[in-house]
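**Student:** Quick one, what's the 3D model for this:
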Amino acid sequence: MALIFPNRSRSFDEVRKGVRFTGYDGMFEVRFLVEEGALGGAITQSSSEAAYLSAFDAARSSIQEAASRAYRHRRGNNFTLKAEDFR
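**Tutor:** Predicted structure coming up:
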């Protein structure tokens, strides 16, 4: 099965300074964290939660594409997406 993203929810992870979201492969949940460096140059550690979530929303399609590529290369249930995953 292919990885899908039926749920548009996402959450800010203050400790890891990134945004978490989930995808699904059939009935299996796959968790992702997008690090701040992958959210663009406007995001810094002093950025607000709203800024992180807004940056995620603006790049949602490319983030989901990167998540799908990462999942195809290494099946698992927990991934961290870094800036190099978007090149």
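
**Student:** Name the SS class of the spatially closest residue to Asn77 that is not a sequence neighbour, please.
**Tutor:** The shortest distance from Asn77 to any non-neighbouring residue, by C-beta to C-beta, 6 or more residues apart in numbering, is to Val30 (5.4 Å). From N, CA and C alone the C-beta is placed, and that goes for glycine too. Following DSSP: H, G, I helix; E, B strand; the rest coil, we place Val30 in the strand state.

**Student:** show me where the protein has helices.
**Tutor:** Per DSSP state H, the chain carries helices over the ranges 49-58, 60-73.

**Student:** wait, isn't the residue nearest to Asn77 in contact with Leu81?
**Tutor:** No - under the criterion of C-beta atoms under 8 Å, Val30 makes no contact with Leu81, lying 11.8 Å away.

**Student:** ok, back up a step: show me what the residue nearest to Asn77 is bridged to.
**Tutor:** Taking DSSP bridges as the rule, Val30 bridges to Gly23.

**Student:** switch to numbering from 168
**Tutor:** Taking 168 as the first residue, the last one we looked at is Val197.

**Student:** What score does it have for pLDDT?
**Tutor:** As predicted, Val197 sits at a pLDDT of 97.

**Student:** Spit out the residues that contact Val197 and Leu248 alike.
**Tutor:** Each of Ala234 lies in contact with both Val197 and Leu248 under the rule C-beta atoms under 8 Å, 6 or more residues apart in numbering.

**Student:** I'd like the helices of the chain laid out as a markdown table, including mean neighbour count and mean pLDDT.
**Tutor:** Shown next, in a markdown table, are these (neighbours: other C-beta atoms under 10 Å; pLDDT from 0 to 100):
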| stretch | mean neighbour count | mean pLDDT |
| --- | --- | --- |
| helix 216-225 | 16 | 96 |
| helix 227-240 | 15 | 95 |
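
**Student:** of all those, which lies closest to Glu203?
**Tutor:** Nearest to Glu203 among those is helix 216-225 (7.2 Å), distances taken as C-beta to C-beta.
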